[in-house]
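**Q** Can you look at this prediction? I've put the sequence above it.
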Amino acid sequence: MPALPRSGEFALIDRHFRRPPVSRNATVGIGDDCALLAPLPNEQLAISTDMLVAGRHFFEDVDPAALGHKALAVNLSDLAACGAQPLGATLAIALPAVDDAWLEAFASGLFALADAHACELVGGDTTRGPLTLSLTVFGSVPPGSAHLRSGASAGDDIYVSHAPLQGLGDARLALQLQQLARGETPSAAATLQALDTRLRHHLLHMTRVRLELPQPRVALGLALRGIASACADLSDGLTGDLGHILRASGLGASLKALDGAEGLLHACSPALRTLGNDFALDMALAGGDDYELVFTAPPARREAVAAAAARCGLCASRIGRMEPQPGLRWIDLEGRQQTLAAQAFDHFA
Ligand SMILES: Nc1ncnc2c1ncn2[C@@H]1O[C@H](COP(=O)(O)OP(=O)(O)O)[C@@H](O)[C@H]1O
Ligand SMILES: Cc1ncc(C[n+]2csc(CCOP(=O)(O)OP(=O)(O)O)c2C)c(N)n1
Ligand SMILES: [Mg+2]
């Protein structure tokens, strides 16, 4: 008997999103009413959802392979923050029209990152509408091992992750350079407009991978199990995301610009620092789209933190300390103390 023909929507799913199983995590994947995931024995499921909307989270004309990567990366970044091992993901996608070349590139970027983390695409939903991607990721973590935002203690060190020669604020710089080139007026427009066009191009070249191809710090999240006392990923910007840890832990913190081996300037890239240390620190504090981990650990665990980061080929820059007094204090490059207001990305501010 000939197979029933597949209509547009289901043929699209078959063409671009249905693949042979790549792991044993899912016993039923794409094609049924529900996927069936097999959680690891005696572990808890870690679940997180992040949505990306065209024009709000990404430029509509961005490279579709990079978009596929980023849509999954920002979700895996939440599993990384919790210290969970990825198991699988679902993808809900609204498309204005069917563009097979675009979908093929999008799926290639998404599956390359999914395969790198053995995170199987087990289902989703497809509809016509303004370009929107909503992914849910499922991970596994032993009971009691997940890093929560509420676990920090006064006296704990505060760290941010980053790759060597990359850092916080790079993604924000890349975003603002592109906004400027598109005729928008981002917050740093005046500084950026004063730069030579070739320097602007060079800086965008150096930083746009941080905006478009963030690397979720899954391995570091796992390596920090039993070491970090609290952790969050950096999506909205350091002051805002660290603020979640302060609130949840009922504490305050002091951050330092630079003090020997300590300070946020250690987490700024050489590219960003060519624009001046004060500018770099502003970009790093308000950030956005960094997808690094901000975490706390007791001072007795400094060597363990450094070893965990080194095993992952990353740096963990120590940027400050948790304190009993509420609020976020900032010790600037001249050693002056200031109070920092959260200047994080907020969809409804
Ligand atoms: N529409 C919603 N319904 C229920 N919970 C939500 C909704 N939006 C966000 N949350 C929850 O609120 C918390 C904060 O969300 P969010 O800032 O998006 O987290 P993150 O920065 O880790 O992605 C999370 O626990 C998230 O699951
Ligand atoms: C075209 C475009 N405009 C603006 C931004 C900046 N931006 C958009 S959303 C966002 C914060 C992160 O998104 P959110 O939905 O808050 O992620 P969550 O905190 O839920 O993980 C930032 C910095 C961008 N990446 N692209
Ligand atoms: Mg979210």
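**A** Right, received. Where do you want to start? Ligands and ions are numbered 1, 2, ... in the order given.
**Q** pLDDT value on Ser7, please?
**A** If you check Ser7, the pLDDT there is 69.
**Q** ok, and the helix or strand in this structure with the lowest average confidence?
**A** strand 26-28 (a mean of 82; mean pLDDT, DSSP states H and E).
**Q** Using the three-state scheme, assign the nearest residue to Val98 once chain neighbours are set aside.
**A** Sequence neighbours aside, Leu12 is the residue nearest to Val98 in space, at 6.0 Å (criterion: C-beta to C-beta, 6 or more residues apart in numbering). No exception for glycine: its C-beta is placed from N, CA and C like everyone else's. Of the three states, Leu12 takes helix under DSSP: H, G, I helix; E, B strand; the rest coil.
**Q** since we're on Leu12, how many residues are nearby?
**A** 18 (other C-beta atoms under 10 Å).
**Q** Would you mind listing what in the protein touches ligand 1?
**A** 50, 78, 235 (C-beta under 6 Å from any ligand atom).
**Q** what about 5 Å?
**A** Contact residues, the chain versus ligand 1 (C-beta under 5 Å from any ligand atom): Ser235.
**Q** before we move on, which element is whatever residue of the chain ends up closest to ligand 2 in?
**A** Proximity of the chain to ligand 2 (C-beta to the nearest ligand atom) peaks at Gly288, 2.8 Å away. Counting by DSSP states H and E, no helix or strand carries Gly288.
**Q** Verify the contact between it and Ala174 for me.
**A** No. Judged on C-beta atoms under 8 Å, Gly288 makes no contact with Ala174 at a distance of 10.7 Å.
**Q** SS state for the closest residue to Gln338 other than its chain neighbours?
**A** Leaving aside its chain neighbours, Gln338 sits nearest to Trp330 (4.8 Å; criterion: C-beta to C-beta, 6+ apart). At Trp330 the chain is in strand, as set by three-state DSSP.
**Q** and the residue of the chain closest to ligand 2, how many neighbours does it have?
**A** So Gly288, with other C-beta under 10 Å, has 23 neighbours.
**Q** on that earlier part again, the following helix or strand past the least confident helix or strand of the chain pairs with which strands, parallel or anti?
**A** Downstream of strand 26-28, the next assigned helix or strand under DSSP H and E is strand 36-37. Applying DSSP bridges to the sheet, strand 36-37 is found paired with strand 26-28 (antiparallel).
**Q** what's the strand it pairs with in contact with?
**A** 34-38, 87-88, 120, 122 (C-beta atoms under 8 Å, 6 or more residues apart in numbering).
**Q** Take those residues and lay them out in JSON lines including distance to Phe111.
**A** Shown next, in JSON lines, are the contacts of strand 26-28 (distance: C-beta to C-beta, whole Å):
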{"residue": "Cys34", "distance to Phe111": "22"}
{"residue": "Ala35", "distance to Phe111": "16"}
{"residue": "Leu36", "distance to Phe111": "21"}
{"residue": "Leu37", "distance to Phe111": "18"}
{"residue": "Ala38", "distance to Phe111": "21"}
{"residue": "Leu87", "distance to Phe111": "16"}
{"residue": "Gly88", "distance to Phe111": "13"}
{"residue": "Glu120", "distance to Phe111": "10"}
{"residue": "Val122", "distance to Phe111": "13"}
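**Q** And Ser317, which helix or strand is it part of?
**A** With DSSP H and E as the test, Ser317 turns up in strand 315-323.
**Q** tell me which strands and helices that strand is in contact with?
**A** strand 157-162, strand 252-256, helix 302-311 (3 or more C-beta pairs under 8 Å, 6 or more residues apart in numbering; DSSP states H and E).
**Q** Would you format these as TSV with mean neighbour count included?
**A** Output for these, formatted as TSV (neighbours: other C-beta atoms under 10 Å):
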stretch	mean neighbour count
strand 157-162	26
strand 252-256	21
helix 302-311	16
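**Q** Would you mind giving the ones you listed as TSV with distance to ligand 2 added?
**A** Supplementary listing: these in TSV, determined by distance: least, C-beta to the nearest ligand atom, whole Å:
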stretch	distance to ligand 2
strand 157-162	16
strand 252-256	20
helix 302-311	22
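**Q** And the helices in the stretch 151-300 of the chain, which stretches?
**A** Listed in chain order, the helices found in the stretch 151-300 of the chain under DSSP state H, counting those that start in this stretch are 170-181, 189-193, 197-212, 218-223, 238-249, 270-273, 277-286.
**Q** what packs against the longest one?
**A** The elements that helix 197-212 packs onto, with contact taken as 3+ C-beta pairs under 8 Å, 6+ apart, are helix 64-82, helix 170-181, helix 270-273.
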